[in-house]
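Give me the fold of what follows.
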Amino acid sequence: MSSILIVEDEPKMLRLLDLNLSEEGYSTHTAQDADSGLKILRQEKIDLVLTDLKLPGMDGLEFLQAVKRSGANIPVIVMTAYGTVETAVEAMKAGASDYVLKPFSIEEIKLSIRKELDSRHLREENRSLREALGQRYDFRNIVARSAKMQEVLAMVERVAATNSTVLLAGESGVGKDLIARAIHQHSRRASGPFVKINCAAIPENLLESELFGYEKGAFTGAVTPKPGKFELADKGTLFLDEIGDVPGSIQAKLLRVLQEREFERLGGTKTLKVDVRLVAATNRDLRAALEQGTFREDLYYRLNVVPINIPPLREHPEDIPYLIDHFIARFGRESGKSVTSITPEATKLLMKFHWPGNARELENILERAVALSTGPVLEVGDIRLDVSPAKASPSAVPFPPEGVTLEQFEEEIIREALRRANGNKSQAARLLGLSRNALRYRLSKMGVPDEPGG
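Numbers count the residues shown, from 1 in each chain. This next block holds a predicted model:
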């Protein structure tokens, strides 16, 4: 039985929470101020703290900091009014696990508590993981023999059993899609749908309708209503790939779905409820996006409940021989060719490569090698690596002309990218290696208006 400490100065609310959580099977302890709460923490074994941010004397934020200083490694959920969302974000930065906005339903509180207790259990199990990696984790279509990837799969197995939101981070080509599917397939939602959407591949003006759907007449061409990805993923898992490319206006709607499990279709007035487990992925540094102001802090903390970092292939090269065997067997079977193996010299060549495109690049190169092979064994001559051109000499490196500042030089490069992309901001962002939001941030600093559809 999990033990919960409730800190709330409003007697009626304290009593309501105490009764409902006790009926749920939790062992509850109550306090009407932070000092009393700290005293209970010193005397009792507590698994989770539920606290208001507005308390007499020491406020909820100071209480949270005191809990963390005490060394108690327990989740803390804060309750706050709509007008103090900024304070809730500060609490998340200070170590709070989650927050709920007043007025809330008891079911919402129960859901948050279950999620945090599940996550705590996951973290506790994972502490001994590095010492107990003698157990090998095996997932269909995922080749992972190295210690680093076995650690990732162990996290997948543990988080799959919960309903927690997962944020996958890693370079392009590391297999975030496969990991997301493995989480779904090993979860209680495995019989439900797995729905994927690549947020970077859909134009900004269409992304909202793709996610939330639309009603007839919502815009020109909307002749029939259409459900969005959230509706299609009901009772299953929704995988949001490249979450860092979601525009700010849609980030606010995503936050609402995560908090309240409800939304409206584009052009509609009916509120729809959904039961969706969210897995998000990014190949960008979302913390840098927070600093730039292109990604919402409150959404980041809602998404980053259980982070899983997938290492690039160059950090676990011992998996390369197993990946080679896996891909050769697959492409030999699919192409109907009799390719069954590879020479040690060709394997050595692949082992030495730095793989900027990770496992996806290795997959593409082996598919090409099998397709063009003339015998049953791949040789060095069959391998065509996509080697980048030699680096230019230092004298050829672009440098700002005399009298031009770095900032002015950057602005000129951005304007040139826009010219080459005929004003299309998404295409310009790709030319510059930026997300759309990062480009929008730079354009706003330049004073370039953010015209819709650009």
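
need the contact list for residue 161.
Residue 161 sits next to 118, 186-188 when contact means Cβ atoms under 8 Å, 6 or more residues apart in numbering. The C-beta positions use only the backbone N, C-alpha and C, and glycine is treated the same way.

scratch that, residue 259 is what I was asking about
Taking Cβ under 8 Å, 6+ apart as the contact definition, residue 259 lies against 100-101, 302.

switch the cut-off to 7 Å
Applying Cβ atoms under 7 Å, 6 or more residues apart in numbering to residue 259 gives the contacts residue 101.

Tell me the buried residues in the strand or helix carrying it?
Residue 259 belongs to helix 248-260 when elements are defined using DSSP states H and E. Neighbour counts over helix 248-260 (16 or more other Cβ atoms under 10 Å) mark 250-251, 253-255, 257-259 as buried.

Which is the succeeding secondary structure element to it?
The element immediately downstream of helix 248-260 (helix or strand, assigned by DSSP H and E) is strand 262-264.

what residues does stretch 28-46 touch?
By Cβ under 7 Å, 6+ apart, stretch 28-46 touches 3-9, 14, 18, 21-22, 51, 55-58, 62-63, 66-67, 70, 72, 74.

which among those residues end up buried?
Buried members of the contacts of stretch 28-46, counted by 16+ other Cβ under 10 Å: 4-9, 14, 18, 21, 51, 55, 63, 66-67, 74.

the inter-axis angle of the longest helix seen in the chain versus helix 248-260?
Counting residues, the longest helix in the chain under DSSP state H turns out to be helix 106-127. Counting by axes from the mean of the first three to the mean of the last three Cα atoms, to 10 degrees, helix 106-127 lies at 90 degrees to helix 248-260.

Could you list which residues are in contact with the residue nearest the centre of the chain?
For the chain, residue 167 is the residue whose C-alpha lies nearest the centre (Cα atoms, centre = their mean; 2.6 Å). Neighbouring residues of residue 167 by Cβ under 7 Å, 6+ apart: 280, 303-304, 307.

As CSV, these with distance to residue 442, neighbour count and secondary structure would be great.
Shown next, in CSV, are those (distance: Cβ to Cβ, whole Å; neighbours: other Cβ atoms under 10 Å; DSSP: H, G, I helix; E, B strand; the rest coil):
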residue, distance to residue 442, neighbour count, secondary structure
280, 24, 26, strand
303, 24, 24, helix
304, 25, 16, coil
307, 27, 12, strand
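
Please, where are all the strands along the stretch 151-300 of the chain?
Listed in chain order, the strands found in the stretch 151-300 of the chain under DSSP state E, counting those that start in this stretch are 166-169, 194-198, 237-241, 262-264, 271-273, 277-282.

could I get the ones you listed as CSV with mean pLDDT?
CSV is the format used below for those (pLDDT from 0 to 100):
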stretch, mean pLDDT
strand 166-169, 95
strand 194-198, 95
strand 237-241, 96
strand 262-264, 92
strand 271-273, 92
strand 277-282, 96
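
export the ones you listed to JSON lines and tack on distance to residue 47?
JSON lines is the format used below for the strands of the stretch 151-300 of the chain (distance: least, Cβ to Cβ, whole Å):
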{"stretch": "strand 166-169", "distance to residue 47": "22"}
{"stretch": "strand 194-198", "distance to residue 47": "32"}
{"stretch": "strand 237-241", "distance to residue 47": "27"}
{"stretch": "strand 262-264", "distance to residue 47": "29"}
{"stretch": "strand 271-273", "distance to residue 47": "29"}
{"stretch": "strand 277-282", "distance to residue 47": "23"}
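
quick one: which of the ones you listed is nearest residue 179?
Closest approach to residue 179 among the strands of the stretch 151-300 of the chain (Cβ to Cβ): strand 166-169, 5.8 Å.
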